[in-house]
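Q: Output the structure for:
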Amino acid sequence: MAYNLKEAVQKPNRMTSGHRMCAGCGAPVVVNAVLRGLKEEDHAVIGSATGCLEVSTFIYPYTAWRDSFIHSAFENAGATIAGTEAAYKAMKRKGKLPEDKHTKFIAFGGDGGTYDIGLQSLSGAMERGHDMVYVCYDNGAYMNTGIQRSSATPRFADTTTSPAGKVIPGKQQKRKDLTEVMAGHHLPYVAQTAAVGNFKDITEKAEKAIYTEGPCFMNVLAPCPRGWRYNTEDLMQINKLAVETCYWPLYEIIDGRYVVNYKPKNKLPVEEFLRPQGRFKHLFKEGNEWMIEELQREVDERWERLLKLEELTNQ
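A: From the prediction side, this is the model:
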């Protein structure tokens, strides 16, 4: 679609206000931006793994969702929506649903329920070829249960299970690149995005994912004010810094072809993204400069690799 901000914001939110998400949380912004990719006349079945999004938007008998909603266990959002899509197709074949009814199947999961506990379920659903979209809202830790580290947590981040101390300065492992893991499933469409600017990137990619036949995956940055420890009003600035430093590049993979959607003219040093976050405050103490240098090296290597993949797959 040709993105029109005025038309996009005039669409009614398919997740209503009145939910219990924290002020400054990235997840509800991500959800509404993704669901704006749906045509207004289409119906959606939305699944959510256990997590912040689920507990804050659906407490029976109350719901913030205008579409059909299924809460699944922490580990099986991918399987739940895949099974629902399969049942829908079977009912269509048997004539039990009207032919003019168009339903889309979308799963949401945090990084704990996607990168880690739900990875087996997600991988199976993607490999089997279900016509569905899985959206990971990546907030970089198990936020709902107390800010424990996940495989999406950046190196050196301070969490309750990777505390920054004198001997061990935060998480010691590098962040898993789940977008590339999904690319290895040879899906028709994979995207990495964030809620930046006028939401053009995220909503256009959502529409592509929703209306591309087959299994599609979106990895979306969703900052958490409690876990990342930034001022709630700084949500959009945190997103912008993640993109401008190339910590979180905006790109898509269309039938194996890489397209980098944004290349900063003046790539900012990664410390600009780290500095506003309390989880990285120990990096700015005297003698800890080496950790910022290590993170910068990691960001630069991943960015250069991405640019090479774009060049190679577009020859």
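Q: end-to-end on stretch 112-125?
A: Length of stretch 112-125, first residue to last, C-alpha to C-alpha, to the nearest Å: 17 Å.
Q: who touches that stretch?
A: Contact with stretch 112-125 is made by 49-51, 74-79, 81-82, 109, 132, 134, 136, 138, 141-145, 150-152, 176, 178, 181, 185, 215, as judged by C-beta atoms under 8 Å, 6 or more residues apart in numbering. In this view, the C-beta of every residue, glycine as well, is placed from N, C-alpha and C.
Q: For these, which ChimeraX command selects only the ones that are buried?
A: Filtering those down to the buried ones (16 or more other C-beta atoms under 10 Å) takes a single ChimeraX command:
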select :49,50,51,74,75,76,77,78,79,81,82,109,132,134,136,138,141,142,143,144,150,151,152,176,178,181,215
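Q: Can you verify Thr193 is assigned to a strand?
A: Yes. Thr193 sits within a strand when classified using DSSP: H, G, I helix; E, B strand; the rest coil.
Q: State the three-state secondary structure for Phe74.
A: coil.
Q: ok so, going back, filter the contacts of stretch 112-125 down to the ones in helices?
A: Counted as lying in helices by DSSP state H, out of those, are 77-79, 81-82, 178, 181.
Q: Tell me the one among the residues you listed nearest to Asn261.
A: Leu178 (18.0 Å; C-beta to C-beta).
Q: Alpha carbons only: can I get stretch 197-209 in CSV?
A: What follows is stretch 197-209 as a C-alpha-only set of coordinates in CSV (Å, rounded to 0.1, in the frame of the first residue of the first chain):
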residue,chain,number,x,y,z
GLY,A,197,8.8,8.3,12.8
ASN,A,198,5.3,8.2,11.5
PHE,A,199,5.0,4.3,11.8
LYS,A,200,5.4,3.9,8.0
ASP,A,201,8.0,1.2,8.3
ILE,A,202,6.2,-1.0,10.8
THR,A,203,2.7,-0.7,9.3
GLU,A,204,3.8,-1.3,5.7
LYS,A,205,5.8,-4.3,6.8
ALA,A,206,2.8,-5.6,8.8
GLU,A,207,0.5,-5.3,5.7
LYS,A,208,3.1,-7.2,3.6
ALA,A,209,3.3,-10.0,6.3
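Q: Can you list the neighbours in contact with that stretch?
A: Residues from elsewhere that reach stretch 197-209, judged by C-beta under 8 Å, 6+ apart: 1, 3, 5, 8, 30, 33-38, 133, 135, 189, 191, 193-196, 216-218, 220, 240, 250, 252, 261-262.
Q: repeat that with 7 Å
A: Contact with stretch 197-209 is made by 1, 3, 5, 8, 33-34, 36-37, 133, 189, 191, 193-195, 216, 218, 220, 250, 252, 261, as judged by C-beta atoms under 7 Å, 6 or more residues apart in numbering.
Q: Whichever of those residues end up buried, select them in ChimeraX.
A: Selection of the buried residues among the contacts of stretch 197-209 in ChimeraX, burial being defined by 16+ other C-beta under 10 Å:
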select :8,33,34,36,37,133,189,191,193,194,195,216,218,220,250,252,261
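Q: next helix or strand past the longest strand seen in the chain?
A: In the chain, with assignment by DSSP state E, the single longest strand is strand 103-110. Once the chain leaves strand 103-110, the next helix or strand it forms, by DSSP states H and E, is helix 119-128.
Q: Would you mind listing the buried residues in that following helix?
A: Quick answer for helix 119-128 (16+ other C-beta under 10 Å): 119, 121-122, 125-126.
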